[in-house]
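In: Return a 3D structure for these sequence lines:
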Amino acid sequence: MLRKLSKFTLRPSTLAMTGLLLAAALGAAYQAPAQAQDARAGNHPAHVHGVARLDAALEGNTLTFHLDSPLANLVGFEHVPSSAADKQAVELMARTLRDVTRMFATDAAAGCKIAEIQLTSPVLTPALLGENAPATGEAPPRDGHADLDGDFTLVCASPGALTVVDASQLLGAFPGLQRIDVQLATPKKQGAFQLAPGNGVIPIQ
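Out: Residues are numbered from 1 along each chain as shown. Here you go, the predicted structure:
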């Protein structure tokens, strides 16, 4: 399911991704229980430790990813970090995720380069995540659960040469991440996949 739209103006790349993912959702026969809960929980995937959601879309030469994961999968906790160790863990996570072409490895012939990255979480300040935006003032979740949302945009010089996206390094970098539920939408392919350690490749074409 698509994540809840924010009050801010959406970027063109986000709008393109939204359109493709909507088409995939309408055409795919896959209906996972987590997606059903998604609709009941305000367009946010069910919060299950060990599991993350990844929406991937290719529109023209723009490849976009939206990652939604319980924070515990990535840093081992979901509270507001107060200790130096917690803050260091968050900063390491952010640096790792910002290494996008390693986390989402693409065919060298496609020539995909990073264009934009945005990381957000209700319990983490933008500064800890390497963002320049001011803090939103959003209150931490009352149930003690918190997610990390990541938006990654790549521009590919030769999108026709893009055949796979390999997220093996993403799974390897975060041992708490045991499964990634993927929803893919491209002009040639729509579908749902599950990634796990040892099986981190998304077929694009």
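In: gap between the nearest residue to Val182 once chain neighbours are set aside and Ser121?
Out: Nearest in space to Val182, with sequence neighbours left out and distances taken as C-beta to C-beta, 6 or more residues apart in numbering, is Phe193 at 4.3 Å. Heads up, the C-betas are built off the backbone N, CA and C, glycines and all. To Ser121, Phe193 is 25 Å away according to C-beta to C-beta, to the nearest Å.
In: wait, what's in contact with Val165?
Out: Taking C-beta atoms under 8 Å, 6 or more residues apart in numbering as the criterion, Val165 is in contact with 56, 63, 104-106, 201-202, 204.
In: Apply 7 Å and report the result again.
Out: Counting by C-beta atoms under 7 Å, 6 or more residues apart in numbering, Val165 touches 56, 104, 106, 202, 204.
In: cool, and Glu78?
Out: Glu78 is in contact with 70-72, 123, 144-146, counting by C-beta under 7 Å, 6+ apart.
In: Next, check those residues against the strands and list the overlap.
Out: Judged by DSSP state E, these include Pro70 as members of strands.
In: Just among the contacts of Glu78, which is most surrounded?
Out: Ranked by neighbour count (other C-beta atoms under 10 Å), these have Leu71 at the top, with 24 neighbours.
In: if we can go back for a sec, for the helix or strand harbouring the residue nearest to Val182, buried residues please.
Out: According to DSSP states H and E, Phe193 maps onto strand 190-195. Using 16 or more other C-beta atoms under 10 Å as the test for burial, strand 190-195 gives 190-193, 195.
In: now do stretch 160-172
Out: Under the neighbour-count criterion of 16+ other C-beta under 10 Å, stretch 160-172 has 162, 165-171 buried.
In: for stretch 93-111, same thing?
Out: Neighbour-count burial for stretch 93-111, counted by 16+ other C-beta under 10 Å, picks out 93-94, 97-98, 100, 103-107, 110-111.
In: again, but for stretch 151-158
Out: For stretch 151-158, burial by neighbour count (16+ other C-beta under 10 Å) applies to 151-156.
In: coming back round to it: would you list the contacts of Glu78 in TSV and tack on distance to Val48 and pLDDT?
Out: Formatted as TSV, those follow (distance: C-beta to C-beta, whole Å; pLDDT from 0 to 100):
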residue	distance to Val48	pLDDT
Pro70	7	96
Leu71	13	96
Ala72	10	96
Val123	18	92
Gly144	15	71
His145	10	84
Ala146	14	93
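In: Out of the contacts of Glu78, flag the one nearest to Ala89.
Out: Leu71 (10.2 Å; C-beta to C-beta).
In: I am finished for the moment; much appreciated.
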